[in-house]
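> Structure, please.
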Amino acid sequence: MAKRKVAVLTGTRAEYGLLRPLIAELLKRTSLDVGLFVTGAHLAYEFGYTVKEIESDGFPIWERIESVLASDTPAAICRSMALGCIGVSDALTRHDPDLLVLLGDRTEVLAAAQAALIHRVPLAHLHGGEATEGLIDEGIRHAVTKMAHLHFVAAEPFRQKVLRMGEDPSRIFTTGALGVDNALSLPPVGRGE
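Numbers count the residues shown, from 1 in each chain. You can find the predicted model right below:
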């Protein structure tokens, strides 16, 4: 039986920190062929070139998708998203994954979701249904939720929100927050520390 191909997109150190244990767990599954699409701030020297952290973890990087411009004006952000969409489209063409895993609400996630939707690659979206009131993150998160096929939400109130958005209840899974899993996997810190 052929292995199912799962691509995981990561664009920042913050979201990579949440995804790291999930990626490690996916890589243990012998029925899966797992690789990363690395984009965004990971590939920018002004943000620490954190792709080195992924390399040191030994995770397979299928694609490096350059998308960050040196400006954060609305026009530059839109251009970065366009570059990201093109890059993810090219990556999807080359790798033809059975699933693309996305976390959260950043612009590179929206660009990837758009490309996957057009390529008809199913999306697994983590942390949908949450709120970031007053920021563009809210709209991005909800747009990605509407494009996703599988929803992994952190808590019941977020599941309820995704349900109110019209998503199929059989495709919504309340799994808890990845950050909590990460914290629970750390060795206990003594009172003196």
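> how about stretch 96-112: buried residues?
Buried residues in stretch 96-112, defined by neighbour count with 16 or more other Cβ atoms under 10 Å: 97, 99-112. Where you see a C-beta, it was placed from the backbone N, CA and C, and this is true even at glycine.
> what's the spacing between the residue nearest the centre of the chain and residue 187?
In the chain, the centroid-proximal residue (Cα atoms, centre = their mean) is residue 102; its distance is 2.6 Å. For residue 102, the distance to residue 187 equals 30 Å [Cβ to Cβ, to the nearest Å].
> which residue ranges form the helices in the chain?
If you assign secondary structure with DSSP state H, the helices in the chain sit at 13-28, 51-57, 74-95, 107-119, 136-147, 156-164, 178-184.
> Dump the fourth one to CSV, restricted to CA.
It refers to helix 107-119. What follows is helix 107-119 as a C-alpha-only set of coordinates in CSV (Å, rounded to 0.1, in the frame of the first residue of the first chain):
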residue,chain,number,x,y,z
THR,A,107,-0.8,35.5,6.1
GLU,A,108,1.4,32.7,4.8
VAL,A,109,-1.2,30.2,6.1
LEU,A,110,-3.9,32.0,4.1
ALA,A,111,-1.7,32.0,1.0
ALA,A,112,-1.1,28.3,1.4
ALA,A,113,-4.8,27.5,1.9
GLN,A,114,-5.7,29.4,-1.3
ALA,A,115,-3.2,27.4,-3.3
ALA,A,116,-4.3,24.1,-1.7
LEU,A,117,-8.0,24.9,-2.4
ILE,A,118,-7.3,25.4,-6.1
HIS,A,119,-5.1,22.3,-6.3
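> and the angle from it to helix 74-95?
Using axes from the mean of the first three to the mean of the last three Cα atoms, to 10 degrees, one finds that helix 107-119 and helix 74-95 are set 50 degrees apart in direction.
> if we can go back for a sec, wait, which of the buried residues of stretch 96-112 is closest to residue 4?
Within these, the smallest distance to residue 4 is 7.1 Å, found for residue 99 (Cβ to Cβ).
> Name whatever forms a beta bridge with the closest one.
Here residue 99 sits in beta bridges with residue 6, as judged by DSSP bridges.
> wait, doesn't it sit right on residue 7?
Yes - between residue 99 and residue 7 there is a contact under Cβ atoms under 8 Å: 7.3 Å.
> Out of the helices of the chain, which one sits most buried?
Using mean count of other Cβ atoms under 10 Å, the stretch among the helices of the chain with the greatest mean number of neighbours is helix 107-119 (a mean of 23).
> Need the contact partners of that helix.
Outside of helix 107-119, the residues within contact range by Cβ atoms under 8 Å, 6 or more residues apart in numbering are 9, 11, 37, 39-40, 67, 77, 80-82, 84-86, 88-89, 92-93, 100, 102-103, 122-123, 125, 140, 143-144, 147-148.
> if you set the cut-off to 6 Å instead, what comes out?
By Cβ atoms under 6 Å, 6 or more residues apart in numbering, the surrounding residues in contact with helix 107-119 are 9, 11, 39-40, 77, 81, 84-85, 88-89, 92, 100, 102, 123, 140, 144, 147.
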